[in-house]
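Chemist: I'll drop the sequence and a predicted model, then ask my questions.
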Amino acid sequence: MEGVDYLRDERKKSEFDVEAMKVAWAGSREAFQVSDRMAKLVANDPVFEKFSKPTLGRKEMFKNTLRKAAYAWKLINDLHLTEEEAKWLRHYIDEPNYTDLQWEMFVPALEGQGSEEQKRKWLPLAQTMQIIGTYAQTELAHGSNVQGLETTATFDHETDQFVIHSPTLTSSKWWPGGMAKVATHAIVYARLIIDGHFYGVHGFIVQLRSLEDHSTLPGITVGDIGMKFGHGAYNTMDNGVLRFDRVRIPRNQMLMRVSQVTKEGKYVQSDVPRQLAYGTMVSVRQTIVSDASKALSRAVCIATRYSAIRRQFGSHDGGPETQVIDYKTQQSRLFPLLASAFAFRFVSEWLKSLQTDVKQRLEAKDFSTLPEAHACTAGLKSLTTAATADGIEECRKLCGGHGYLISSGLPELYAYYVPACTYEGENVVMMLQVARFLVKTVSEMSYKQPVGTADYLGRMAPLMHNNCDVQTAEDWLNPSAIVKAFETRAVRMIVDCSQRIAKFENQEEGFAELSTDLVEASLAHCQLIVVSTFIQRLKQEIPGKGVKQSLEVLCYVYALYLLHKHQGDFLATGYLTSKQASLANDQLKTLYSKVRPNAIALVDSFNHTDHYLSSVLGRYDGNVYPKLYEAARKDPLNDSDIADGINQYVQPILKQKLHLAKL
């Protein structure tokens with residue numbers, strides 16, 4: 001029935017102010033108002049309709065996405081949207097397209113790596129979409145190892161130009177979004193060569209297509225790399241392959257904020273510190289962590305609402321069956337993901353403040369916190385994207401068979417999100433970078449005090465020898481007990497790896513041999529950051545009836561779930577006894593019971609519109625089954641009673657006349 005709220009009774013159970021929780025989730029009232037306004041703008045505009053996408057072929061889907069991107073740009077200009085509003089508008093349109101690379105990679109690269117003269121020339125063109133850019137770094141055979149890139153940029157003294165060339169098949173630029181069919185320009189990363197000498201990998205602005213008729217320029221071979229995982233997902237994006245056949249560009253199209261090549265062919269370092277490039281990287285990874293919380297919250301919202309609607313087993317004397325959300329097995333899988341979404345949201349907010357601090361320090365040529373910030377953002381990118389990808393898939397399974405339907409919204413969400421585990425730094429590689437920082441920090445402790453998120457390593461001596469003093473399940477509701485447990489686990493794992501590496505004559509050999517252990521130690525360090533950040537957030541003022549109390553429950557759920565999941569680490573390091581680990585699990589089960597009455601209200605706090613969720617199972621009103629049936633009837637296979645091919649291939653079998661069929 002239309003207009004009936006099937007989740008009304010669940011919403012009545014809420015023990016907190018939902019509107020206040022929406023503000024807490026958004027970060028501020030202003031942030032909530034902007035995001036809410038843009039969400040409703042998109043949801044109420046028929047141009048941004050998404051539900052027909054599964055029925056479209058690749059070419060239709062791509063053209064439709066181009067139409068939406070053009071319409072969005074018109075709205076941005078007609079409504080005079082701010083940069084923040086425009087960002088939220090693109091987010092809620094929820095279809096990967098070429099503008100993602102334009103605003104998230106191309107423009108920031110110009111801002112961060114271009115000289116003042118270059119920024120004056122190129123930024124106005126990019127910011128008004130007079131040129132459309134992409135970010136061409138990854139190659140067919142090289143991704144994370146930037147120094148291994150093969151594309152060359154050779155300086156020609158006579159013409160004062162760089163010659164951009166793809167010397168091998170494997171040097172083909174591969175994966176950049178927007179590159180195959182849309183981008184007119186690319187920032188291309190290539191090996192700078194002057195007079196036969198290699199001067200490292202640098203960025204170059206290269207025009208790919210004519211601004212008059214969009215045709216590919218001479219010497220450029222570009223195309224799409226083909227269908228990706230899922231149906232819609234990233235197939236709305238023209239990820240490309242690009243090759244150069246001795247393409248010439250002016251010398252001043254090398255990005256020259258940090259280093260330049262003079263007309264005489266001399267390589268010159270500017271007085272701008274090379275480390276400033278890390279500021280852009282920190283910003284991009286902060287955005288990825290923030291996006292992880294949003295993607296996980298979508299999946300959790302769908303799974304939670306459907307778990308409250310779905311009834312299965314437990315009927316007595318013909319009464320109603322049990323709501324799936326009331327089963328402890330469902331709660332133990334679902335509620336930690338709900339807690340994780342909030343944990344990732346708060347750590348992304350904290351990362352934003354870290355990003356501001358790093359930027360200010362870099363501008364002042366203070367690089368003291370840069371290694372720690374780099375390790376922090378790399379590790380949190382890895383942790384949150386891996387947990388979110390796994391969490392979306394878990395939510396699909398929590399929805400049973402219906403979760404496998406495209407109309408559930410979960411298969412496409414997973415296909416759309418899972419590349420985050422690879423782009424901007426493959427997750428295992430990221431954790432190994434964290435490990436290098438941690439091992440180095442331990443080796444320098446005799447003369448250098450650890451800072452920031454690694455400061456707990458400075459308390460190594462007591463953490464190496466003290467043991468947990470928890471005696472009851474309720475003792476695990478003490479934030480200091482939780483933090484100390486996570487600190488001790490991380491310290492002991494890191495020190496153990498460092499001591500074993502020190503026994504190798506060649507440290508790199510030891511690092512390679514112990515890489516799996518180092519990844520686990522890095523994960524322990526990163527989980528400590530998330531847990532500590534959540535606890536610190538709760539020490540701040542959080543207005544609204546019952547809001548802080550509900551968040552405290554989620555914080556304990558997140559921490560104790562991790563403790564239970566990784567109890568092997570906590571036991572192996574000798575800090576906990578098996579009894580104490582068991583008490584933590586007992587407390588965790590009690591906490592699930594506290595989450596249960598607030599579950600629907602908590603996912604309502606994400607403020608996701610039905611348009612954004614794109615899920616029949618996650619509808620706000622809970623009217624699932626009629627809408628599932630309606631969605632099924634819209635499938636093109638149901639356009640006719642007798643499907644195309646039945647008379648040609650099935651009827652001959654039924655009539656035993658297969659020899660007459662045109663096979």
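Modeler: Arrived safely, thanks for sending.
Chemist: CA only for contacts and neighbour counts going forward, please
Modeler: Noted.
Chemist: and residue 492, what does it touch?
Modeler: Residue 492 makes contact with 463, 464, 573 under the criterion C-alpha atoms under 8 Å, 6 or more residues apart in numbering.
Chemist: Next up, identify which helix or strand the second one is on.
Modeler: Residue 464 is located in helix 460-465, with elements delineated by DSSP states H and E.
Chemist: In that helix, which residues are buried?
Modeler: 460, 463, 464 (16 or more other C-alpha atoms under 10 Å).
Chemist: mind listing what the first one touches?
Modeler: Translated: residue 460. Applying C-alpha under 8 Å, 6+ apart to residue 460 gives the contacts residue 491.
Chemist: From residue 381, how far off is it?
Modeler: 26 Å (C-alpha to C-alpha, to the nearest Å).
Chemist: do the last one as well
Modeler: Using C-alpha to C-alpha, residue 464 is found at 28 Å from residue 381.
Chemist: after the helix holding residue 464, next one along is what?
Modeler: Taking DSSP H and E, what comes next after helix 460-465 is helix 479-502.
Chemist: Can I get that following helix as PDB, trimmed to CA atoms?
Modeler: As requested, the backbone C-alpha atoms of helix 479-502 are provided in PDB (Å, rounded to 0.1, in the frame of the first residue of the first chain):
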ATOM      1  CA  PRO A 479      37.500   3.600  27.300                       C
ATOM      2  CA  SER A 480      41.000   3.500  28.900                       C
ATOM      3  CA  ALA A 481      40.900  -0.300  29.200                       C
ATOM      4  CA  ILE A 482      40.000  -0.500  25.500                       C
ATOM      5  CA  VAL A 483      42.700   1.900  24.300                       C
ATOM      6  CA  LYS A 484      45.300   0.200  26.400                       C
ATOM      7  CA  ALA A 485      44.400  -3.200  25.000                       C
ATOM      8  CA  PHE A 486      44.700  -1.900  21.400                       C
ATOM      9  CA  GLU A 487      48.000   0.000  22.200                       C
ATOM     10  CA  THR A 488      49.600  -3.000  23.800                       C
ATOM     11  CA  ARG A 489      48.600  -5.300  20.900                       C
ATOM     12  CA  ALA A 490      50.000  -2.900  18.300                       C
ATOM     13  CA  VAL A 491      53.300  -2.200  20.300                       C
ATOM     14  CA  ARG A 492      54.000  -5.900  20.800                       C
ATOM     15  CA  MET A 493      53.400  -6.900  17.200                       C
ATOM     16  CA  ILE A 494      55.500  -4.000  15.900                       C
ATOM     17  CA  VAL A 495      58.400  -4.600  18.300                       C
ATOM     18  CA  ASP A 496      58.300  -8.300  17.500                       C
ATOM     19  CA  CYS A 497      58.600  -7.600  13.800                       C
ATOM     20  CA  SER A 498      61.300  -5.000  14.300                       C
ATOM     21  CA  GLN A 499      63.400  -7.400  16.400                       C
ATOM     22  CA  ARG A 500      63.100 -10.200  13.900                       C
ATOM     23  CA  ILE A 501      64.000  -7.900  11.000                       C
ATOM     24  CA  ALA A 502      67.100  -6.800  12.900                       C
END
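Chemist: Give me the distance between it and the centre of its chain.
Modeler: 27 Å (C-alpha atoms, centre = their mean, to the nearest Å).
Chemist: any idea of the mean pLDDT in that helix?
Modeler: Averaging pLDDT along helix 479-502 gives 97.
Chemist: cool, stretch 3-10 as well?
Modeler: In this model, stretch 3-10 has a mean pLDDT of 90.
Chemist: Residues contacting it, please?
Modeler: 305, 308, 309, 597, 600, 601, 620, 621, 622, 623.
Chemist: let's see 6 Å
Modeler: 621, 622 (C-alpha atoms under 6 Å, 6 or more residues apart in numbering).
Chemist: Can you point out the buried residues in it?
Modeler: Buried, per 16+ other C-alpha under 10 Å, within stretch 3-10: 6, 7, 10.
Chemist: Surely the first one forms part of a strand?
Modeler: No. The assignment for residue 6 (DSSP: H, G, I helix; E, B strand; the rest coil) gives coil, which keeps it out of a strand.
Chemist: Phi, psi for it please.
Modeler: When read as degrees, to the nearest 10, the backbone of residue 6 gives phi -70, psi -10.
Chemist: circling back to that earlier point, tabulate the contacts of residue 492 (CSV), appending distance to residue 160 and pLDDT.
Modeler: As requested, the contacts of residue 492 are exported to CSV (distance: C-alpha to C-alpha, whole Å; pLDDT from 0 to 100):
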residue, distance to residue 160, pLDDT
463, 61, 94
464, 61, 94
573, 62, 93
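Chemist: would you turn these into TSV with distance to residue 230?
Modeler: Formatted as TSV, the contacts of residue 492 follow (distance: C-alpha to C-alpha, whole Å):
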residue	distance to residue 230
463	47
464	47
573	42
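Chemist: Pick the one among those closest to residue 533.
Modeler: Minimum distance to residue 533 across the contacts of residue 492 is 19.8 Å, recorded for residue 463 (C-alpha to C-alpha).
Chemist: show me the contacts for that closest one.
Modeler: Under the contact definition (C-alpha under 6 Å, 6+ apart), the residues listed for residue 463 are residue 488.
Chemist: how near is it to residue 580?
Modeler: Taken as C-alpha to C-alpha, the span from residue 463 to residue 580 is 17 Å.
Chemist: Now do the SS call for residue 271.
Modeler: coil.
Chemist: How many neighbouring residues does it have?
Modeler: 9 (other C-alpha atoms under 10 Å).
Chemist: ok, for it, nearest residue in space, not its chain neighbours?
Modeler: In space, residue 271 comes closest to residue 258 once its chain neighbours are excluded; the distance is 7.4 Å by C-alpha to C-alpha, 6 or more residues apart in numbering.
Chemist: Break this structure down into its structural domains.
Modeler: 1-93+272-642, 131-271 (automatic domain parsing).
Chemist: Please identify the helix or strand for the nearest residue to residue 585 once chain neighbours are set aside.
Modeler: Using C-alpha to C-alpha, 6+ apart and skipping the chain neighbours, the partner closest in space to residue 585 is residue 564 (6.2 Å). If you go by DSSP H and E, residue 564 is part of helix 547-565.
Chemist: In terms of secondary structure, what does that helix contact?
Modeler: If you count contacts as 3 or more C-alpha pairs under 6 Å, 6 or more residues apart in numbering; DSSP states H and E, helix 547-565 packs onto helix 328-363.
Chemist: What's the mean pLDDT across the one helix or strand residue 192 maps to?
Modeler: Element membership of residue 192, judged by DSSP H and E, is strand 185-194. Mean pLDDT, strand 185-194: 97.
Chemist: Which SSE is immediately downstream of that strand?
Modeler: Next helix or strand after strand 185-194 toward the C-terminus (DSSP H and E): strand 197-207.
Chemist: buried ones in the helix or strand following that following strand?
Modeler: Using DSSP H and E, the helix or strand that follows strand 197-207 in sequence is strand 220-224. For strand 220-224, a neighbour-count test (16+ other C-alpha under 10 Å) marks 220, 222, 224 as buried.
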